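Colleague: Sequence and predicted structure are below.
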Amino acid sequence: MGRRRSQSVTLTDVARLAGVSVATASKALNARAEVAADTRLRVLQAANQLSFQPNVLARGLISGRTRTIGLLTDELGGRFSIPILLGAENALGNEQMSVLLCDARGDAIRRQHYIRTLLARQVDGFIILGDSNDLRPSLSRDIPVPVVYVYGQSTDPGDLSVLADDEGGARLAGEHLVSLRRRNIAHITGPQSYRAARDRVTGLKAVLAESGLSLVGGEPQYGEWSQRWGRHAARTLINAHPEVDAIFCGNDQIAAGVAQALLDHGCRIPDDVAVVGYDNWEEMAADCRPPLTTVDLNLEQLGATAVMHLFAALDGTASSGVIRQPCRLVVRESTGPAQQP
């Protein structure tokens, strides 16, 4: 007769094969300290021989946990959400925890429905993924288990929010351009209402001030997160300030539009004007002419960091406030040393 399927193997079977009580087998499998080393080894060998898989639901009843996390997003189809979700899922999988994913699609009623549904499933905690890298209303008062916000800062300072360090990312871009001896640097970005856009301006201006430089035109050109805006703003900029030798853009879409306008104007990239984007949207950055130097938000690591802090909260060491995770600069062909006169 063949071996029974692992689903039908019980703790009693393991205990019988190891020659111990069911209670001792349970303690050994759960790494309890009161079990002797040789007894623990015997139980583990028996469990392995029988291909024993612990009953997760039963363990949850004993521990008070289901080893399940609720992940609530408003933008599952967005290009920022998926990498963050992958990072979170990988980190949870490494700890043999499951994730229940719900997409509220920006609808408040749907969001509250999913919160109730996940709580009914007795999830151990929540990760709330913002639909933009900006402030979002806190949901924690409706959720009686630990919550971590990622890629969207909660309005409640008592919550924990894990964000990309946009000011630091802009500093990386600015320092890179200054190191290439670029001295006439402009900035074209998205709406001023976005916190991320304002933080990037702060980082860039700080680097320029430290080098005795100022932003071409005095202030950034605020507009849309689009290629169309990038093209329009670049044409206006070059006509008003032909001395520009570098443009830092608020995202890769703007940068692609800027690059197209510069080439149409007869500018060589990077010989005449260096271009830096933001986000490292690889499809956009790689297809840009030339391929785009840009700032990577490390989105998968952002998701993993959120999980790490949720685990800490589940273990009783919850944090609050804002954690800003460092970005990294990805250098491609759109930047290079300034040409000597």
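Modeller: Looks like it came in fine.

Colleague: Name the residues of stretch 251-271 that are buried.
Modeller: By neighbour count on 16 or more other CB atoms under 10 Å, the buried set for stretch 251-271 is 251-262, 267, 269-270. For the C-beta atoms, the positions are set from N, CA and C on the backbone; glycine is no exception.

Colleague: Among those, which ones are in helices?
Modeller: 252-262 (DSSP state H).

Colleague: re earlier: which two among the buried residues of stretch 251-271 are spaced furthest apart?
Modeller: The two members of these with the most space between them (CB to CB) are Asn251 and Cys267, at 20.6 Å.

Colleague: how does this structure divide into domains?
Modeller: 6-54, 68-164+299-326, 166-296 (automatic domain parsing).

Colleague: How far does the first one sit from its chain's centre?
Modeller: The gap between the average C-alpha position of domain 6-54 and the chain average comes to 40 Å, counting by CA atoms, centre = their mean, to the nearest Å.

Colleague: Let me know the average pLDDT across that domain.
Modeller: For domain 6-54, the mean pLDDT works out to 78.

Colleague: Make CSV from the ones in helices among the buried residues of stretch 251-271 and add distance to Asp287 and pLDDT to it.
Modeller: CSV is the format used below for those (distance: CB to CB, whole Å; pLDDT from 0 to 100):
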residue, distance to Asp287, pLDDT
Asp252, 10, 97
Gln253, 11, 96
Ile254, 15, 97
Ala255, 12, 97
Ala256, 8, 97
Gly257, 13, 97
Val258, 14, 97
Ala259, 10, 97
Gln260, 11, 96
Ala261, 16, 97
Leu262, 16, 97
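
Colleague: Which one of the residues you listed is nearest to Arg181?
Modeller: Ranked by distance to Arg181 (CB to CB), those are led by Leu262 at 18.7 Å.

Colleague: in terms of contact, does the closest one touch Ala274 like I think?
Modeller: No: look at Leu262 against Ala274 with CB atoms under 8 Å: they stay out of range, at 10.1 Å.

Colleague: Overlap in contacts, the two.
Modeller: Common neighbours of Leu262 and Ala274 (criterion: CB atoms under 8 Å, 6 or more residues apart in numbering): Ile247.

Colleague: May I have the residues that are in contact with the residue lying closest to Trp225 once chain neighbours are set aside?
Modeller: Spatial nearest neighbour of Trp225, excluding adjacent residues (CB to CB, 6 or more residues apart in numbering): Gly190 at 4.2 Å. Going by CB under 8 Å, 6+ apart, Gly190 touches 197, 222-225, 229, 250-251, 254.

Colleague: what about Met284, neighbour count?
Modeller: Met284 has 19 neighbouring residues, counting by other CB atoms under 10 Å.

Colleague: Please tell me the pLDDT value assigned to it.
Modeller: Note for Met284: predicted pLDDT of 90.

Colleague: do the same with Asp124
Modeller: So, for Asp124, pLDDT stands at 91.

Colleague: just the one 4 residues further on next, same as before
Modeller: As predicted, Ile128 sits at a pLDDT of 94.

Colleague: Could you pull up the contacting residues of it?
Modeller: Counted by CB under 8 Å, 6+ apart, Ile128 has contacts 72-73, 136, 139, 147-150, 152, 154.

Colleague: can you check His241 too?
Modeller: By CB under 8 Å, 6+ apart, the neighbours of His241 are 184, 186, 216-217.

Colleague: Please determine how far His232 is located from Pro191.
Modeller: His232 is 15 Å from Pro191, where distance means CB to CB, to the nearest Å.

Colleague: Those two: which has the busier surroundings?
Modeller: Taking neighbours as other CB under 10 Å, His232 and Pro191 compare with His232 leading, 18 against 13.

Colleague: for that one, phi and psi?
Modeller: phi -60, psi -50 (degrees, to the nearest 10).

Colleague: isn't Glu175 right up against Val207?
Modeller: Yes: with contact defined as CB under 8 Å, Glu175 reaches Val207; the gap is 5.5 Å.

Colleague: Just give me the neighbour total for the residue lying closest to Ile143 once chain neighbours are set aside.
Modeller: Spatial nearest neighbour of Ile143, chain neighbours left out: Phe126 (5.5 Å); criterion: CB to CB, 6+ apart. Look at Phe126: counted by other CB under 10 Å, it has 24 neighbours.

Colleague: Show the contacting residues for Phe126.
Modeller: For Phe126, counting by CB under 8 Å, 6+ apart, the contacting residues are 69-72, 115, 118, 139, 143, 145-148.

Colleague: in this structure, which spans are helices?
Modeller: Along the chain, the segments classed as helices by DSSP H run 11-18, 22-29, 37-49, 56-63, 81-94, 108-120, 166-179, 195-210, 227-240, 252-264, 282-287, 299-314.

Colleague: got TSV for those helices, with distance to Asp159 too?
Modeller: Compiled in TSV, the helices of the chain are given as follows (distance: least, CB to CB, whole Å):
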stretch	distance to Asp159
helix 11-18	40
helix 22-29	36
helix 37-49	41
helix 56-63	26
helix 81-94	17
helix 108-120	15
helix 166-179	19
helix 195-210	16
helix 227-240	33
helix 252-264	30
helix 282-287	32
helix 299-314	11
